[in-house]
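J.: Pasting the sequence and the predicted model now:
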Amino acid sequence: MSKGERTISEVVNSLDIDASLLSNWIRASSDEGADAFRGQGKRSGVEEEIWQLKVKNKQLEQEPEFLKKVSRYNTNWRHSTLGYISPAEFERRNAA
């Protein structure tokens, strides 16, 4: 041990915890690094990636339903907001 470090037994005694608990903490820190003690509600890198993929998957699953609803839209129906012309005609007239 280098200067300033304490033995496991000293730490266990000062924190009044079981040695196995401290050993688990040391092992977790060694295995997981910064992700070992990320706090309540925070995700590890892998967990965050999985969560983002689930969100993206849900969006992609909803896309066909949205497209079905949009495809039912009548492009030939005349709209007062377009000066009583159809959206298709409006697009033709205003194409740049």
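T.: Thanks, I have the structure now. Residues are numbered from 1 along each chain as shown.

J.: quick one, which residue of this protein lies the farthest from its center?
T.: Seen from the C-alpha centroid of the chain, the residue lying at the greatest distance (CA atoms, centre = their mean) is residue 84, 44.8 Å away.

J.: For residue 47, give its distance to residue 53.
T.: 11 Å (CB to CB, to the nearest Å). Heads up, the C-betas are built off the backbone N, CA and C, glycines and all.

J.: what does residue 33 give?
T.: 23 Å.

J.: What score does residue 27 have for pLDDT?
T.: The per-residue pLDDT reported for residue 27 equals 90.

J.: count of residues packed around it?
T.: For residue 27, the neighbour count with other CB atoms under 10 Å is 11.

J.: and if you look at residue 82?
T.: 15.

J.: quick one: contacts for it?
T.: residue 90 (CB atoms under 8 Å, 6 or more residues apart in numbering).

J.: Return the distance of it relative to residue 69.
T.: Per CB to CB, residue 82 is found 20 Å from residue 69.

J.: Likewise for residue 31?
T.: Taken as CB to CB, the span from residue 31 to residue 69 is 49 Å.

J.: Return the distance of stretch 37-47 from the chain's centre.
T.: When distances are taken as CA atoms, centre = their mean, to the nearest Å, stretch 37-47 is centred 11 Å away from the chain's centroid.

J.: Contacts for it, please.
T.: 25, 28-29, 32, 35, 51.

J.: mind checking the end-to-end distance for that stretch?
T.: End-to-end distance for stretch 37-47, by CA to CA, to the nearest Å: 14 Å.

J.: can you pull the pLDDT of the most centrally placed residue in the chain?
T.: The chain has residue 52 as the residue nearest its centroid, 3.6 Å off, counting by CA atoms, centre = their mean. If you check residue 52, the pLDDT there is 94.

J.: Could you do the one 3 residues further on as well?
T.: According to the per-residue confidence, residue 55 scores 95 in pLDDT.
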